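with the input below, show me the fold.
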Amino acid sequence: MRYVKVSWSHDFPDEPVLYLSELGEDGYEVRKVQVYRDGRCEWADETFETATVGLSEIPFPPLVDISSQPEFTAELITSEEFERAWEGARLNS
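Now for the predicted structure:
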């Protein structure tokens, strides 16, 4: 498993500013957390999604490709950082 965090710098009030994803060996998302500017969090996994959060249907792109866009910053994170976000999102939903 790999764990990634993508920050999105924008002014859209109803869009997430942070995405955290757990990726399988095949590069597909297994679990995802979206964090909004107001602190609200949403989550998705292989058995649960909503109208506003779901797993990507394509493999996760290389981090360098994401970060090459000026509004995005992508980085690897630890499994512990992802798990903290995951548990927080699940407890607050």
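
tell me where the protein has helices.
In order along the chain, the chain carries the following helices (DSSP state H): 63-67, 79-91.

what about the protein, any weak spots by pLDDT?
The chain contains residues with pLDDT under 70 at 93.

swap the cut-off to 90 and go again
With pLDDT under 90 as the threshold, the chain has low-confidence stretches at 13, 91-93.

returning to what we had before: closest to Y3 out of the helices of the chain?
Across the helices of the chain, the minimum distance to Y3, taken as Cβ to Cβ, is reached by helix 79-91, at 4.2 Å. C-betas here are computed from N, CA, C, even on glycine.

give me the contacts around the closest one.
Here helix 79-91 makes contact (Cβ atoms under 8 Å, 6 or more residues apart in numbering) with M1, Y3, K5, L20, S21, E22, R31, V33, V35, C41, E42, W43.

how far does it sit from its chain's centre?
11 Å (Cα atoms, centre = their mean, to the nearest Å).

just name the closest of the contacts of helix 79-91 to F12, please.
Sorting the contacts of helix 79-91 by how near they are to F12, with Cβ to Cβ, puts V35 at the top with 13.8 Å.
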